[in-house]
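Asks: below are the sequence and a predicted model for it; my questions follow.
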Amino acid sequence: MPDQQPREITDVDTLRALTHPLRLRILNAVGLHGPLTATEVAERVGESPANCSWHLRQLARYGFVTEAGGGTGRQRPWRLVTDGHRWGAGEENPELARAGDAAARVLLDLEYRKLWDWMAARRQQPAVWRDAGSFNQFLGWCTAEELAELQEEIRALFGRYVDRLADPAARPAGSRPVRLMAWAVPEVDGPVVDDADAEGDEAR
């Protein structure tokens, strides 16, 4: 399992590199089918090889893909960088916050579409896959520390399979791409248990 922490993106231009919907489609194609050349990416996303080649170079510039070795020009294969990325932690200046929100919006739009694709097609899938797929909703009480710990546990659990994105030989027979999109956020207008409330509960 990869031990590295996700890369913290604190650069506005790097975040803006993710706000183009085509780039996320390119990343998706390279992650699922890569390594791919610009020509192969173009066939999968329905764009021109020249356009895909330019976007791949931009994605490489900001650390989202890298050359896989071999080939030249548009026949160079590219692979996904699988170290993970996150943003929005700590203090943000307004420009960085706007860029982060825009990147998150484009990413969530893609993942929502993929979720609804599955919801529409799941009854035509083999039963073993239909039953293995999940759609969960939970509501509970956590401290900020517990919520941060939960986030790290989820990342570590799915991190066991991340190396299979970059290494097709690591994919076991019968496997297929699986998407995990999870969020755990505090209820904005929910009540907060303060110290006095907690002490009162203990006394009863």
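Replies: Done, it's in. Keep in mind the model is a prediction, meaning the values are calculated, not measured. Residues are numbered from 1 along each chain as shown.

Asks: rest of the way, CA atoms for contacts and neighbours
Replies: Noted.

Asks: after the longest helix seen in the chain comes which helix or strand?
Replies: Across the chain, the longest stretch assigned as helix under DSSP state H is helix 94-121. Going down the chain from helix 94-121, the next helix or strand is helix 127-132, by DSSP states H and E.

Asks: neighbours around residue 107, how many?
Replies: Other residues within reach of residue 107, judged by other CA atoms under 10 Å, total 17.

Asks: please name the nearest non-neighbouring residue to it.
Replies: The shortest distance from residue 107 to any non-neighbouring residue, by CA to CA, 6 or more residues apart in numbering, is to residue 24 (7.3 Å).

Asks: doesn't that neighbour belong to a helix?
Replies: Yes: counting by DSSP: H, G, I helix; E, B strand; the rest coil, residue 24 is part of a helix.

Asks: make 711 the starting number, not 1.
Replies: Sure thing, new numbering starts at 711, so read that last one as residue 734.

Asks: which of the residues in stretch 731-740 are buried?
Replies: Within stretch 731-740, the residues scored as buried using 16 or more other CA atoms under 10 Å are 732-740.

Asks: which one of these is nearest to residue 897?
Replies: Proximity to residue 897 was ranked across the buried residues of stretch 731-740 by CA to CA; first place goes to residue 734, at 29.2 Å.

Asks: what sits against the closest one?
Replies: When contacts are counted by CA atoms under 8 Å, 6 or more residues apart in numbering, residue 734 touches 728, 817, 820.

Asks: what's the pLDDT at residue 873?
Replies: What the model reports for residue 873 is a pLDDT of 83.

Asks: number of nearby residues for it?
Replies: Burial of residue 873 is recorded as 17 neighbouring residues (other CA under 10 Å).

Asks: likewise the one 5 residues further on?
Replies: In terms of burial, residue 878 registers 13 neighbours under the definition other CA under 10 Å.

Asks: now residue 745
Replies: The number of residues packed around residue 745, counting by other CA under 10 Å, is 24.

Asks: now do the same contact list for the nearest residue to residue 790 once chain neighbours are set aside.
Replies: For residue 790, the nearest residue in space outside its immediate sequence neighbours is residue 775; the separation is 4.5 Å by CA to CA, 6+ apart. Under the criterion of CA under 8 Å, 6+ apart, the contact list for residue 775 reads 737, 766, 769, 788-791.
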